[in-house]
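Q: Sequence first, then the predicted structure, then my questions.
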Amino acid sequence: MRLRQLKLDFVPEQDRLLMRISTSDGQEVLLWLTRRCVKLIWPLMLKMVESSPRVQLSGATAEARAALLGLEHERAVQAADFSKPYEQSALARPLGEEPILVTRIQSRREENGSHVLTLLPARGQGVHLSLDENLLHSCCKLFQNAVAKADWDFKLEFPQPPIEVAESEGARTLN
């Protein structure tokens, strides 16, 4: 099964994010993501994007890696197509008609370099999302947008390079 489309929306009545995943073979999986769940997913996703070979240059300072991460994120997001509406045609739902409440999250890196984010309920079958670098950054952007709409009093942000302030040459007295 290949990922076809991914949609992430805030549902105020549930105070949760609804993730809709459609596949190339005409299937769809619905997942509920709670605030707690999103707070657990975000650090895993950051770790995934930070482990990119383009960001992990040998000898690069933490500031340089943070700047590279920001550039990679912007490049990937600009290349993504967020304008295409989610196609809600009649899709088979192999895990049921109702969204599954995600309670467990796992991540790993495949030998081919892609990342796998596993979203699981307390019991039963879950979803394994295989994400290349571009799809991972696009997924991060979807999470950022959805959490901004949720108004959960936190933001999902990438590490920022520290801003260096030039030291003054000496104390000055103003009269």
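A: Great, that's in hand.

Q: drop to CA atoms for contacts and neighbour counts, all remaining ones
A: OK.

Q: Quickly find the element holding the residue most central in space within the chain.
A: Computing the C-alpha centroid of the chain and ranking residues by CA atoms, centre = their mean puts residue 140 first, at 2.6 Å. According to DSSP states H and E, residue 140 maps onto helix 133-150.

Q: That helix - contacts with which helices or strands?
A: Judged by 3 or more CA pairs under 8 Å, 6 or more residues apart in numbering; DSSP states H and E, helix 133-150 is in contact with strand 3-11, helix 35-50, helix 62-79.

Q: Give me the contact list for that helix.
A: The contact list for helix 133-150 (CA atoms under 8 Å, 6 or more residues apart in numbering) reads 7-10, 12, 15, 17, 45, 49, 52, 73, 76-77, 80, 114-115, 154-157.

Q: same check, this time on stretch 36-45
A: Outside stretch 36-45, the residues that touch it by CA under 8 Å, 6+ apart are 102, 103, 104, 105, 107, 136, 140, 156.

Q: For the fifth one, give me its contacts.
A: Taking CA under 8 Å, 6+ apart as the criterion, residue 107 is in contact with 44, 115, 116, 117, 118.

Q: What residues are bridge-paired with it?
A: Beta-bridge pairing of residue 107 under DSSP bridges involves residue 117.

Q: Against residue 2, how distant is it?
A: 18 Å (CA to CA, to the nearest Å).

Q: Please apply the same query to the third one.
A: Using CA to CA, one obtains 22 Å as the distance from residue 104 to residue 2.

Q: Those two: which is more packed in?
A: Set side by side, residue 104 and residue 2 give different neighbour counts by other CA atoms under 10 Å, the larger being at residue 104 (15 against 12).

Q: re the thing from before, give me the buried entries from the contacts of helix 133-150.
A: Buried members of the contacts of helix 133-150, scored by 16 or more other CA atoms under 10 Å, are 7-10, 17, 45, 49, 52, 73, 76-77, 114-115, 156.

Q: Before I go, just wanted to say thanks for your time.
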